[in-house]
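Chemist: Sharing a sequence plus its predicted fold:
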Amino acid sequence: MRIVGNIFAGILVFFGVLFIWGAFSPNGQWGWIIVGLVSVGIGLGILYLVNRSTSKPAEKQAIKVEIDLPANVNLDTLKCQSCGGSITLENIQIVAGSPVVNCPYCHTTYQLTEAPKW
C-alpha cells in the first residue's frame, strides 16, 4: 500500500509542477497555477499520510530454551578449547540454532560440537 501511495503522490506532484510551469508559457492560462498548486498539495498530503510512522519499534523477545535429557545424565565440566578455562552456562548462547561458547578468560568464540561417545 505504501508503494502505491508513493507512486500516486509522485505522479500528482510531477503533473502539478508541470501545470505550474505551463502557466508561465506564452499560451498558458493562469488557472493552471491553481490546478498545479492543488495537485502538488494533494500529492504532498498523500506522501505525508502514507509515510508517517505509526508502528512502534520492535521489542526484543526473550527466548528460553529448555532441554529435557532422558534418564540419568551426568554433566561433565566444559573447558575452553583454547585456554582450558572453565565454561559455565552463562557463557553459552544459541546463535542461529547452534550453541556458541564465549570464553570469559581468553575471549575466544567458537561453536560447541559434540563428539560421539563410542
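Modeler: Received, thanks.
Chemist: contacts, neighbours, all on C-alpha from now
Modeler: Noted.
Chemist: Might you report the residue contacts of Ser39?
Modeler: Residues in contact with Ser39 (CA atoms under 8 Å, 6 or more residues apart in numbering) are 12-13, 15-16.
Chemist: how much space is there between it and Cys103?
Modeler: 63 Å (CA to CA, to the nearest Å).
Chemist: Need the pLDDT of the spatially closest residue to Thr109 that is not a sequence neighbour.
Modeler: Of all residues not flanking Thr109 in the chain, Asn102 sits nearest, at 4.6 Å (CA to CA, 6 or more residues apart in numbering). Looking at Asn102, its pLDDT reads 89.
Chemist: burial of Asn102, as a residue count?
Modeler: Neighbour count for Asn102, taken as other CA atoms under 10 Å: 19.
Chemist: which residues does it contact?
Modeler: Neighbouring residues of Asn102 by CA under 8 Å, 6+ apart: 91-92, 108-110.
Chemist: Same check on Ile20?
Modeler: Ile20 neighbours (CA under 8 Å, 6+ apart): 32-37.
Chemist: where's it, which helix or strand?
Modeler: Following DSSP states H and E, one finds Ile20 within helix 2-23.
Chemist: next structured bit after that helix?
Modeler: Using DSSP H and E, the helix or strand that follows helix 2-23 in sequence is helix 31-51.
Chemist: On the C-terminal side of that next one, identify the next helix or strand.
Modeler: Taking DSSP H and E, what comes next after helix 31-51 is strand 78-79.
Chemist: What strands flank that following strand, and is each parallel or antiparallel?
Modeler: With DSSP bridges as the test, strand 78-79 is paired with strand 86-87 (antiparallel).
Chemist: If you average the pLDDT over the partner strand, what comes out?
Modeler: Here the average pLDDT along strand 86-87 is 86.
Chemist: Show me what counts as buried in stretch 11-21.
Modeler: Buried residues in stretch 11-21, defined by neighbour count with 16 or more other CA atoms under 10 Å: 12-13, 15-17, 19-20.
Chemist: returning to what we had before: make JSON lines out of the contacts of Ile20 and add pLDDT, neighbour count and distance to Pro26.
Modeler: Shown next, in JSON lines, are the contacts of Ile20 (pLDDT from 0 to 100; neighbours: other CA atoms under 10 Å; distance: CA to CA, whole Å):
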{"residue": "Trp32", "pLDDT": "87", "neighbour count": "18", "distance to Pro26": "13"}
{"residue": "Ile33", "pLDDT": "90", "neighbour count": "20", "distance to Pro26": "14"}
{"residue": "Ile34", "pLDDT": "91", "neighbour count": "14", "distance to Pro26": "17"}
{"residue": "Val35", "pLDDT": "92", "neighbour count": "17", "distance to Pro26": "18"}
{"residue": "Gly36", "pLDDT": "93", "neighbour count": "23", "distance to Pro26": "17"}
{"residue": "Leu37", "pLDDT": "94", "neighbour count": "17", "distance to Pro26": "19"}
